[in-house]
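Undergrad: Okay, here's the prediction I keep looking at, along with the sequence it came from:
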Amino acid sequence: MSAVLSEDLVYQVLSAVAEIPEGKVATYGQIARLIGQENHARLVGRVLSMAEYYGRYPCHRVVNHCGRIAPGWPEQADLLKAEGAVMKDDTHADLKQCQWHC
């Protein structure tokens, strides 16, 4: 069962994402753990898919557990590269080199 998508939860996710430094990436699971929702990485993705309604956040800095960027959002790789994030290939950030250790 997933956690309820409350305004407080949205704020927690977006606040954590706002802390990711330029050139670094975090995983959906990492953000979920940071906000105390350890088994809800998909919920983090759901919040980020609606982030534009809450303001400007660096959602492009969040990738899956393998470093893969969001499918259907090729601009994400361009945004990461522009910030200096190291990419393994066109669709994967290099987590060994650019994962945020918070």
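TA: Cool, got the structure. Because the structure is a prediction, the values reported are computed rather than measured.
Undergrad: wait, doesn't residue 23 sit right on residue 81?
TA: No. Between residue 23 and residue 81 there is no contact under CB atoms under 8 Å: 9.8 Å. C-beta coordinates here come from the backbone N, C-alpha and C atoms, glycine included.
Undergrad: Low-confidence bits of this structure, can you list those?
TA: Scanning the chain for pLDDT under 70 picks out 1-4.
Undergrad: What ranges does it have for its strands?
TA: Using DSSP state E, the strands of the chain run over 26-27, 62-63, 87-89, 92-93.
Undergrad: any idea how far residue 88 is from the residue lying closest to residue 61 once chain neighbours are set aside?
TA: Leaving aside its sequence neighbours, residue 61 sits nearest to residue 20 (CB to CB, 6 or more residues apart in numbering; 4.3 Å). For residue 20, the distance to residue 88 equals 19 Å [CB to CB, to the nearest Å].
Undergrad: More neighbours: these two, which one.
TA: residue 20 (21 against 14; other CB atoms under 10 Å).
Undergrad: Identify the residues contacting the more buried one.
TA: 26, 58, 61, 62, 100 (CB atoms under 8 Å, 6 or more residues apart in numbering).
Undergrad: If the most centrally placed residue in the chain is in a bridge, with which residues?
TA: For the chain, the residue nearest the mean C-alpha position is residue 62 (1.9 Å; CA atoms, centre = their mean). Applying DSSP bridges to residue 62 yields these beta-bridge partners: residue 26.
Undergrad: isn't it right up against residue 28?
TA: Yes. When contacts are counted by CB under 8 Å, residue 62 is listed as touching residue 28 (6.1 Å).
Undergrad: which one is residue 59 nearest to, not counting chain neighbours?
TA: Distances taken as CB to CB, 6+ apart put residue 48 closest to residue 59, at 4.6 Å, once the chain neighbours are dropped.
Undergrad: Let me see the contact set for the one you found.
TA: 13, 17, 28, 57, 59, 62.
Undergrad: Over to residue 69?
TA: So residue 69 contacts 60, 63, 76, 77, 80, 91, 92, 93 (CB under 8 Å, 6+ apart).
Undergrad: Next: residue 13.
TA: 31, 35, 43, 44, 47, 48.
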